[in-house]
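S.K.: build me a model from this:
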Amino acid sequence: MSSRHNFSSRVELDTALAKKISEQLSAGLVDKGCASLVVSGGSTPKGLFAALSQTELDWKNITVLLADERWVDETHEDSNSAMVKTLLLQNAAKQANWVDFGAGSIDVDGKLRQVNESLAHLGTFDVVILGMGNDAHTASLFPCAIELDEGLTTQNDALMTQPTTAPHRRLSLSKKRLLDTKLGVIHIVGASKLEVFDKATKYADDDMHPISHFAHHDEFSLWFAE
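M.R.: As a prediction, the model looks like this:
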């Protein structure tokens with residue numbers, strides 16, 4: 001089981017996690033001259049994004065991308081890309097390099113191919129931040145999706161998925177690609193989510209609970225606040 005970092009409030013969690021992430025990104029910048037940060041959407045990371053956006057780093061040499069994206073245009077209210085651009089890629093972080101998935105394009109196969117080509121050049125990620133849904137999905141690796149096995153076993157970096165219990169077709173990074181990171185974070189808030197996490201991660205690599213494919217790896221740790 002991964003290690004745990006528990007905090008009494010979201011503010012404390014966001015502050016501490018932003019510090020940890022910035023330290024890892026700084027180490028990558030010193031070691032390679034560049035760094036990469038993979039983030040997740042939803043409401044949980046909003047405070048974290050705001051804190052990171054104020055962090056003084058050499059953002060022009062940091063690449064930011066999503067762990068997954070709903071296949072909708074950025075003008076859509078469900079766009080994770082729009083949220084990241086609004087909250088994270090601002091202030092000090094506005095010069096970061098953004099990997100655009102082209103979500104919403106009718107050329108799905110072409111955009112997926114471009115994403116796989118882009119990811120092949122990034123190497124090991126410096127930081128991956130994953131969230132978790134109430135069904136224990138993470139990224140867009142849903143237990144209900146017929147593409148789940150592909151997402152957990154493919155050697156490709158990204159794939160398209162279609163959950164049956166959530167709206168929109170989605171692009172998701174694969175298990176293999178998400179695990180290829182120096183620092184992995186499972187970021188959840190609230191007692192109900194923690195209960196789901198504890199039940200879902202009782203056993204490693206439980207396909208009914210996709211988060212279990214990450215929680216038992218040493219690279220990943222749980223960051224939690226009530």
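S.K.: chain neighbours aside, what residue packs nearest to residue 39?
M.R.: Spatial nearest neighbour of residue 39, excluding adjacent residues (C-beta to C-beta, 6 or more residues apart in numbering): residue 129 at 5.2 Å. In short, each C-beta sits where N, CA and C put it, glycine included.
S.K.: so how far is residue 193 from the one you found?
M.R.: Distance of residue 129 to residue 193, given as C-beta to C-beta, to the nearest Å: 15 Å.
S.K.: quick one: which of these two has more around it?
M.R.: For residue 129 versus residue 193, neighbours defined as other C-beta atoms under 10 Å are more numerous around residue 129 (23 against 18).
S.K.: SS state for the more buried one?
M.R.: In three-state terms, and counting by DSSP: H, G, I helix; E, B strand; the rest coil, residue 129 is strand.
S.K.: residues in contact with it?
M.R.: By C-beta atoms under 8 Å, 6 or more residues apart in numbering, residue 129 lies in contact with 21, 37, 38, 39, 40, 45, 48, 67, 185, 187.
S.K.: per-residue confidence at it?
M.R.: The model reports residue 129 with a pLDDT of 98.
S.K.: then residue 64?
M.R.: With respect to pLDDT, residue 64 scores 98.
S.K.: packing partners for the longest strand seen in the chain?
M.R.: The strand that spans the most residues within the chain, counting by DSSP state E, is strand 181-189. On a contact count with 3 or more C-beta pairs under 8 Å, 6 or more residues apart in numbering; DSSP states H and E, strand 181-189 meets helix 10-32, strand 125-130, helix 191-200, helix 212-215, strand 220-225.
S.K.: what lines up beside that strand in the sheet?
M.R.: Partners of strand 181-189 in the sheet, by DSSP bridges, are strand 125-130 (parallel), strand 220-225 (parallel).
S.K.: single out the most deeply packed of the ones you listed.
M.R.: Highest mean neighbour count among the strands paired with strand 181-189 (mean count of other C-beta atoms under 10 Å): strand 125-130, with a mean of 25.
S.K.: what is the orientation angle of it with helix 10-32?
M.R.: Angle of strand 125-130 versus helix 10-32, following axes from the mean of the first three to the mean of the last three C-alpha atoms, to 10 degrees, is 160 degrees.
S.K.: right, I'll call it a day here.
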